[in-house]
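S.K.: Need a 3D model of the sequence below.
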Amino acid sequence: MAKYNISPKKEKKAAVSYRSSVSPELVEAITRKIIVRLMVEQKYRDPKYSAKQLANDIGVNMRYISAVINLRFQQNYSELVGTLRIYEARYMLQDASFANMTMEDIAIKVGFTTRQSFYATFYKLCGITPKEYRLTHKQ
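M.R.: Model prediction:
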């Protein structure tokens, strides 16, 4: 996987203790709030929207945000945001109404700050470049 300088994800050795201290009810409540903020309100599009801001907006500790995202989505905050951005980018690359947009335009629209980070994340999640994806998924 030398392309785009991506290395395989390392396995974590031990479970973090604070994950088990979050009650199932609190996990559900925080999950709903995360979904509303990131997905419904599309905060993932804002390149400056951080996990700390999410925690402040929801009114919980950063550790809870981290624990809930890890428990519910099996990702960290950055990976979750990247996944949401790539999901939208894939839609835009398939939809003919976005055919006139460049890769840079799409990258910026979904929240990436650089073309390189867009390409690296896209390749990591999809196994092909955005350009290849667009060519193979034209409608």
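S.K.: Just give me the residue right at the centre of the chain.
M.R.: When CA atoms, centre = their mean is applied to the chain, the residue found nearest the centroid is Val81 (2.1 Å).
S.K.: Check the offset of the helix or strand harbouring it from the chain's centre.
M.R.: Taking DSSP states H and E as the criterion, Val81 maps to helix 77-94. Per CA atoms, centre = their mean, to the nearest Å, the displacement of helix 77-94 from the mean C-alpha position of its chain is 6 Å.
S.K.: go on, stretch 98-113?
M.R.: 16 Å.
S.K.: hmm, who's touching stretch 49-60?
M.R.: Stretch 49-60 is contacted from outside by 30, 33-34, 37-38, 43, 61-62, 64-66, 77, 81, using CB atoms under 8 Å, 6 or more residues apart in numbering. In this view, the C-beta of every residue, glycine as well, is placed from N, C-alpha and C.
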